[in-house]
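Asks: One predicted model, sequence on top.
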Amino acid sequence: MTDLQSFICDLPKAELHLHIEGTLEPELMVQLAERNGVTLKYATVASLREAYKFENLQDFLDLYYAGCSVLLFEQDFYDLTWAYLLKAKANNIVHAEIMFDPQAHTSRGVPFSAVIGGIYRALADGYEKLGISFRLILSFLRHLTPEDGFKTLAEAEPFRGWITAVGLDSSERDFPPDLFADLFEKALEMGFLTVAHAGEEGPPEYIWGALDLLKASRIDHGNSALEDPDLVDVLGIYEIPLTSCPLSNLKLKVIQKMTDHPLKEMLERGIKVTVNSDDPAYFGGYLNDNYIAVADALHLSKEDIVRLVKHSFEASFVTDGEKRNFLARVDEVERS
């Protein structure tokens with residue numbers, strides 16, 4: 001391991017773009033399938049891992065939703081989340097903002113309360129036992145109707161105290177942000193912050209829409225932002241964060257090789273970009289793997305890494321006091 005790689009591993013970090021269902025490792029998927037009597041298309045862990053080869057976002061989503069089929073009970077969601085938290089601890093993640101897709105489960109008859117109950121209970125245990133603070137983000141599936149989103153928002157009402165923000169994920173193409181403007185307006189009225197996937201496979205116009213219509217505090221991915229100089233200016237001036245996911249972009253062929261990744265140019269052009277793992281079980285790496293991959297490919301300096309890590313805390317939904325404490329911890333490691 002190089003000195004820079006060791007430095008990356010030693011730094012405390014926040015992760016802001018993490019789909020909890022995307023942390024379902026093949027071993028746990030098979031274990032839960034056996035426990036719950038679910039028949040998977042893939043009989044073994046090895047054959048399942050072989051399926052983790054995607055040509056595009058939709059190929060991944062097809063397997064992602066198949067994986068969700070093994071999640072049926074509150075304990076399943078607890079076990080899923082706890083497994084991620086152990087990985088997070090090993091990656092020196094001290095704060096995580098977790099996205100979950102309730103529609104992927106309620107559409108199968110799983111109660112909303114079971115989904116959020118298992119996830120939240122594990123996160124609370126993670127804070128107490130592992131020292132990892134958290135925020136929870138309810139993500140709507142954009143390939144489903146806005147009406148279905150309103151139904152999900154109503155189901156979330158009793159759990160408002162557990163949920164910090166709502167988001168928008170799944171298939172980006174052909175599902176522009178304007179379809180969900182009314183849904184997000186209602187969420188804002190209920191006191192939720194908003195984030196949205198935009199510019200992963202969609203054009204810069206989708207990023208504009210997420211900002212203007214959905215009032216997104218952060219843009220998840222945002223790769224296509226660099227195609228629009230005016231958008232780059234707005235992102236920089238208003239310090240609107242992008243939650244970049246390098247290994248995800250490579251695995252889904254958003255980029256062809258890691259040296260093509262726009263992260264360094266985003267940094268150089270004054271964008272508050274962050275590094276995240278997205279769906280790490282499917283994309284071959286957790287947070288440290290993403291930092292190391294992009295640092296090696298783009299020849300990032302120690303100073304670049306520190307900026308990225310500090311961005312992760314600055315872009316988080318924690319209080320200003322908590323941000324200061326986290327940033328002080330980064331400074332302490334940098335000085336050591």
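Replies: Structure received.
Asks: what helix or strand is Leu85 on?
Replies: Per DSSP states H and E: Leu85 is located in helix 74-90.
Asks: Need the CA coordinates for that helix. PDB is fine.
Replies: Taking Å, rounded to 0.1, in the frame of the first residue of the first chain, the C-alpha atoms of helix 74-90 are listed here in PDB:
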ATOM      1  CA  GLU A  74     -37.600  -6.200   9.500                       C
ATOM      2  CA  GLN A  75     -34.700  -8.400  10.600                       C
ATOM      3  CA  ASP A  76     -33.600  -8.800   7.000                       C
ATOM      4  CA  PHE A  77     -33.300  -5.000   6.700                       C
ATOM      5  CA  TYR A  78     -31.500  -4.800  10.000                       C
ATOM      6  CA  ASP A  79     -29.000  -7.500   8.900                       C
ATOM      7  CA  LEU A  80     -28.400  -5.700   5.600                       C
ATOM      8  CA  THR A  81     -27.800  -2.400   7.300                       C
ATOM      9  CA  TRP A  82     -25.600  -3.800  10.000                       C
ATOM     10  CA  ALA A  83     -23.400  -5.600   7.400                       C
ATOM     11  CA  TYR A  84     -22.900  -2.200   5.700                       C
ATOM     12  CA  LEU A  85     -22.000  -0.500   9.000                       C
ATOM     13  CA  LEU A  86     -19.300  -3.000   9.700                       C
ATOM     14  CA  LYS A  87     -17.800  -2.200   6.300                       C
ATOM     15  CA  ALA A  88     -18.200   1.500   7.000                       C
ATOM     16  CA  LYS A  89     -16.300   1.100  10.300                       C
ATOM     17  CA  ALA A  90     -13.500  -0.700   8.400                       C
END
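Asks: hmm, who's touching that helix?
Replies: Applying C-beta atoms under 8 Å, 6 or more residues apart in numbering, the external contacts of helix 74-90 come out as 15, 18, 20-21, 23-25, 28, 32, 35-36, 70-71, 96, 98, 113-119, 121-123, 125-126, 130, 132, 280, 286-287. Yep, even glycine has a C-beta here, placed from its N, CA and C like the rest.
Asks: Among the residues you listed, name the buried ones.
Replies: 15, 18, 20-21, 23-25, 28, 32, 70-71, 96, 98, 114-119, 121-123, 126, 132, 280, 286-287 (16 or more other C-beta atoms under 10 Å).
Asks: and the residues you listed, which of them are in helices?
Replies: 28, 32, 114-119, 121-123, 126, 280, 287 (DSSP state H).
Asks: from these, which two are the most distant?
Replies: Ala114 and Leu287 (27.6 Å; C-beta to C-beta).
Asks: Just to be sure, Gly270 is in a helix?
Replies: No. Going by DSSP: H, G, I helix; E, B strand; the rest coil, the assignment for Gly270 is coil, not a helix.
Asks: Ignoring the adjacent residues along the chain, who's closest to it?
Replies: Among residues not flanking Gly270 along the chain, Gly236 sits closest, at 3.8 Å (C-beta to C-beta, 6 or more residues apart in numbering).
Asks: Now do the contacts for the one you found.
Replies: Here Gly236 is in contact with 269-272 (C-beta under 8 Å, 6+ apart).
Asks: As CSV, these with neighbour count would be great.
Replies: Output for these, formatted as CSV (neighbours: other C-beta atoms under 10 Å):
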residue, neighbour count
Arg269, 16
Gly270, 13
Ile271, 26
Lys272, 21
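Asks: which among those gets closest to Asn223?
Replies: Ile271 (11.4 Å).
Asks: Quick check: the closest one touching Val232?
Replies: Yes. Shown here, Ile271 and Val232 form a contact pair, counting by C-beta atoms under 8 Å, at 6.8 Å.
Asks: Residues that sit against both of those two, list them.
Replies: Between them, Ile271 and Val232 share the contacting residues Ala225, judged by C-beta under 8 Å, 6+ apart.
Asks: now the ones in helices among the buried ones among the contacts of helix 74-90 as JSON lines including distance to Gly191 and pLDDT?
Replies: Shown next, in JSON lines, are those (distance: C-beta to C-beta, whole Å; pLDDT from 0 to 100):
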{"residue": "Leu28", "distance to Gly191": "34", "pLDDT": "95"}
{"residue": "Leu32", "distance to Gly191": "34", "pLDDT": "96"}
{"residue": "Ala114", "distance to Gly191": "24", "pLDDT": "98"}
{"residue": "Val115", "distance to Gly191": "21", "pLDDT": "98"}
{"residue": "Ile116", "distance to Gly191": "17", "pLDDT": "98"}
{"residue": "Gly117", "distance to Gly191": "21", "pLDDT": "98"}
{"residue": "Gly118", "distance to Gly191": "24", "pLDDT": "98"}
{"residue": "Ile119", "distance to Gly191": "20", "pLDDT": "98"}
{"residue": "Arg121", "distance to Gly191": "23", "pLDDT": "98"}
{"residue": "Ala122", "distance to Gly191": "24", "pLDDT": "98"}
{"residue": "Leu123", "distance to Gly191": "20", "pLDDT": "98"}
{"residue": "Gly126", "distance to Gly191": "24", "pLDDT": "98"}
{"residue": "Pro280", "distance to Gly191": "30", "pLDDT": "97"}
{"residue": "Leu287", "distance to Gly191": "29", "pLDDT": "98"}
